[in-house]
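A.B. asks: Build the 3D model from these lines:
(chains A, B, C, D, E and F)
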There are 4 protein chains.
Amino acid sequence: MAVQTDTAPDRPEQILRAAMVCFAKRGFHQTSMHDISEEAGISVGLIYRYFASKEAVISAIAEEHKKELQGLLERARCAPTLLESLEILLTAHCCEDQPQMHCAFVVDLFAEAGRNPSIANLVRDVLETGMKGVTEVIARAPEMRNAPHGMKPREVTELIFAAARGSMMRDVLEHSQVSAAERRERQLKVVRQLWRLLFNHANEPALA
Amino acid sequence: MAVQTDTAPDRPEQILRAAMVCFAKRGFHQTSMHDISEEAGISVGLIYRYFASKEAVISAIAEEHKKELQGLLERARCAPTLLESLEILLTAHCCEDQPQMHCAFVVDLFAEAGRNPSIANLVRDVLETGMKGVTEVIARAPEMRNAPHGMKPREVTELIFAAARGSMMRDVLEHSQVSAAERRERQLKVVRQLWRLLFNHANEPALA
Amino acid sequence: MAVQTDTAPDRPEQILRAAMVCFAKRGFHQTSMHDISEEAGISVGLIYRYFASKEAVISAIAEEHKKELQGLLERARCAPTLLESLEILLTAHCCEDQPQMHCAFVVDLFAEAGRNPSIANLVRDVLETGMKGVTEVIARAPEMRNAPHGMKPREVTELIFAAARGSMMRDVLEHSQVSAAERRERQLKVVRQLWRLLFNHANEPALA
Amino acid sequence: MAVQTDTAPDRPEQILRAAMVCFAKRGFHQTSMHDISEEAGISVGLIYRYFASKEAVISAIAEEHKKELQGLLERARCAPTLLESLEILLTAHCCEDQPQMHCAFVVDLFAEAGRNPSIANLVRDVLETGMKGVTEVIARAPEMRNAPHGMKPREVTELIFAAARGSMMRDVLEHSQVSAAERRERQLKVVRQLWRLLFNHANEPALA
DNA sequence: AATGAATGAGGCTTCATTCAT
DNA sequence: CATGAATGAAGCCTCATTCAT
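C.D. replies: Okay, the predicted model is just below:
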């Protein structure tokens, strides 16, 4: 029924994608509306037809970030083993192709959340969603049964997420010096260490 | 010979303290030079007698952050047990009195580092200093001898720092909702869990 | 098809004209962007849509000055006698109606050229264009054939231009005290004297 | 009687010399009081003990310029021949050693005179003094008796000064590209041409 | 006599936002 | 729906001038 599906552009989507690129490159407050309009290939005024203000764009992006994270969660949930789930979750920020979340953007988002309550609420919401999902996955994991650490699933999740966020912050520092692939490799090593710490039997020898 | 020690203000210090307050409250790019001058109780022009530019103020703060971290490291090195060392290191960002580093500021600093190479270098430098120090502490710790995880000291440090940074990011989200003391308590719990994971024998009972 | 030719203002032109007025009145460095915007009846920001910076405005004016000089040159080239050519060239700065070059502005331009290499290049370019044109006019003039001074066309041009510039500098001193017409009259006298010196036989009687 | 003649510095003189250097280098309005104080090796505040304002410094410099020009005039008056007098007068701006007048400064002075009436008065005064002196020299010159041009001494002076000023403006454009010696050489050629035009018998062949 | 810390107005420039077309 | 010209507040920074020491 819908005509011109390929010629009628989804303006909001187009704008958000452009904004995402700019935000990841320069941060929220270093990005001007003109930057976004240029990246999107449209006029400045048109942005205001779909978003009330620059802040609205930022919020919308945070919403999109939430959806991406939900998708990620879904993929993690479907992974055959717990280790693979964790690998998916913890290295998501390493692949910087596609409309994926760049680590610089996420760090900026948290920084913004520190001052802007509405962003903070959004980010908290995203985070809680993600953590609930992961907590479930972990609670169901057979590895948890023999885990020697005595931590509750939620506690494990907190630790995992903290490590993931911390790695993201680190990545930001080496953004242009290390390739995404290299970072991913390094990150995977850390995930496996964490996994071994958490779920392997203590007497199993480390393999590397 | 120097009289009036109390009336002669240390302008650079005064400015940096004011800037720190503003940066923590609003972030670098949301803080105007006027904000800083007002917070410091001086005129805008006076800032420029001591700092060449706004960026110079940011860099100077980062330098100060480095010194604080070095002091923290010293204290951690002197702690009687490894667990106490880690507690000092990992919860430093929780006490927000005194000229201490606010977590919001640190997250903003990392975000800025993602785009500004000179800031990135500074932060990398600070980080490396901190990590070297902690790696030494860990390498010397008797707990490492019986550690079942097979990780090298540096690897352990990386994990610890990632968790610490990740916690800081989380803190940013709840800045005004949770008291520093509460956050500290929660954070200590995580540290102990991490410590147990890393250094305690699996069959040893948890302490706290 | 283009309607409203009278309501659509040529912004760059409007800005340059306003800037010209301000620069002639106050000099480059005494003129603020606000002065220009006010003189043009527009907002400050709008200037930046058409010119990248204040310096760009100065350069653009210098370019326009070049074009005016080329027009002047054309008119001089078409004059029936050499004397008339010279009168056109040497008294151009006396009539301060129309979008013409004010002498105060030109003196300021040279002063600026003394420190700003990019302006210096522009002015040199303008000057060279003018001098080449005049040299040609002189070389072709029948008066040169019997000229007793033995100077090459280029040398004559240099002298003429020096005298013209020197007169302009003088004019600057009496800008508001003497009318343009008076200055022109006085200037014409000097031109004729120079002309007689250069091209008339000594025994020929003065004309004016 | 005067003690410490060599240790007690003549502050006003010292300040003016420094200001002169700065003005020649950067122009009046690009020179800050701090620039001057630095060049003079004193504090900013001290300048205000001797001069009421920046404008007062500019005026004082113009006064000094007047004195220098008077000295120049004296030397020109003492020259054995008219040609030598003219050479002294017209090439003064070429030697840029000593506390002499730099051409960039003079052009800037005229530009300033175009807007600042008090400076304009000063410059006019200087100019008139100079022109009177030169007119006298010319009136007395034996060359004037046989001069074929029929110009009055004052008219000749006007022409000479115009050419001199015009040359100075030109010099400003090539300030850093041509050495003072080269400029002087070139300038001398022009002076001699002008002299020949004015005072040589028409039938004398040009030599150089 | 001399210093230089301190002020604050003002200059250049950017940018979120509006609106006529 | 779309454009982009236009606005003006605000940001960073400079600088003439003052004044306590």
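
A.B. asks: Can you give me the domain boundaries for chain A?
C.D. replies: Per the record, chain A has its domains at A:1-52, A:62-198, by automatic domain parsing.

A.B. asks: Which among those domains is found nearest to residue B:24?
C.D. replies: Proximity to residue B:24 (Cβ to Cβ) singles out domain A:62-198 among the domains of chain A, at 8.3 Å. In this view, the C-beta of every residue, glycine as well, is placed from N, C-alpha and C.

A.B. asks: Low-confidence ranges, chain A, go.
C.D. replies: In the predicted model, chain A carries pLDDT under 70 at residues A:1-8, A:94-101, A:201-208.

A.B. asks: can you give me the helices for it?
C.D. replies: A:11-26, A:33-40, A:44-50, A:54-78, A:82-90, A:103-113, A:117-140, A:143-146, A:153-173, A:180-199 (DSSP state H).

A.B. asks: Among those, which comes closest to DNA strand F?
C.D. replies: Proximity to DNA strand F, assessed across the helices of chain A by Cβ to the nearest atom of the strand, is greatest for helix A:44-50 (1.8 Å).

A.B. asks: For that closest one, name the packing helices and strands.
C.D. replies: Under the contact criterion of 3 or more Cβ pairs under 8 Å, 6 or more residues apart in numbering or on different chains; DSSP states H and E, helix A:44-50 touches helix A:11-26, helix A:33-40.

A.B. asks: now these as JSON lines including distance to DNA strand F?
C.D. replies: Shown next, in JSON lines, are the helices and strands packed on helix A:44-50 (distance: least, Cβ to the nearest atom of the strand, whole Å):
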{"stretch": "helix A:11-26", "distance to DNA strand F": "5"}
{"stretch": "helix A:33-40", "distance to DNA strand F": "8"}
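
A.B. asks: who's in contact with the residue nearest to residue A:23 when sequence neighbours are not counted?
C.D. replies: Using Cβ to Cβ, 6 or more residues apart in numbering or on different chains and skipping residues adjacent in sequence, the residue nearest residue A:23 is residue A:105, 5.3 Å away. Contacts for residue A:105 (Cβ atoms under 8 Å, 6 or more residues apart in numbering or on different chains) come out as A:20, A:23, A:24, A:65.

A.B. asks: which two in these are spaced the farthest apart?
C.D. replies: For those, the maximum inter-member distance is 11.1 Å, found between A:24 and A:65 (Cβ to Cβ).

A.B. asks: Ranking the domains of chain A by mean neighbour count, which comes first?
C.D. replies: domain A:62-198 (a mean of 19; mean count of other Cβ atoms under 10 Å in any protein chain shown).

A.B. asks: near DNA strand E at all, it?
C.D. replies: No - no part of domain A:62-198 sits near DNA strand E under the criterion Cβ under 7 Å from any atom of the strand; the closest distance found is 13.2 Å.

A.B. asks: Equivalent analysis for stretch A:28-46, please.
C.D. replies: Yes - contact of stretch A:28-46 with DNA strand E (Cβ under 7 Å from any atom of the strand) involves A:30, A:31, A:32, A:33, A:34, A:44, A:45.

A.B. asks: ok, of those residues, which one's closest to chain C?
C.D. replies: Among the residues of stretch A:28-46 next to DNA strand E, residue A:34 lies closest to chain C (Cβ to the nearest Cβ), at 11.2 Å.

A.B. asks: from what I can see that closest one touches residue A:45, true?
C.D. replies: No - with contact defined as Cβ atoms under 8 Å, residue A:34 does not reach residue A:45; the gap is 11.0 Å.

A.B. asks: overlap in contacts of the two?
C.D. replies: In contact with both residue A:34 and residue A:45: no residue, using Cβ under 8 Å, 6+ apart.

A.B. asks: OK, contacts around the closest residue to residue A:62 other than its chain neighbours?
C.D. replies: In space, and not counting its chain neighbours, residue A:62 is closest to residue A:122: 4.4 Å by Cβ to Cβ, 6+ apart. Neighbouring residues of residue A:122 by Cβ under 8 Å, 6+ apart: A:59, A:62, A:63, A:66, A:113.

A.B. asks: could you list every residue that touches the second one?
C.D. replies: In other words, residue A:62. Neighbouring residues of residue A:62 by Cβ under 8 Å, 6+ apart: A:109, A:119, A:122, A:123, A:126.

A.B. asks: I'd like to know how far it sits from chain D.
C.D. replies: According to Cβ to the nearest Cβ, to the nearest Å, residue A:62 and chain D sit 47 Å apart.

A.B. asks: For chain A, what lies in contact range of chain C?
C.D. replies: Proximity of chain A to chain C, by Cβ under 8 Å from any Cβ of the partner chain, involves no residues.

A.B. asks: still on that earlier bit, looking at the residues of stretch A:28-46 next to DNA strand E, which is nearest chain B?
C.D. replies: residue A:30 (6.5 Å).
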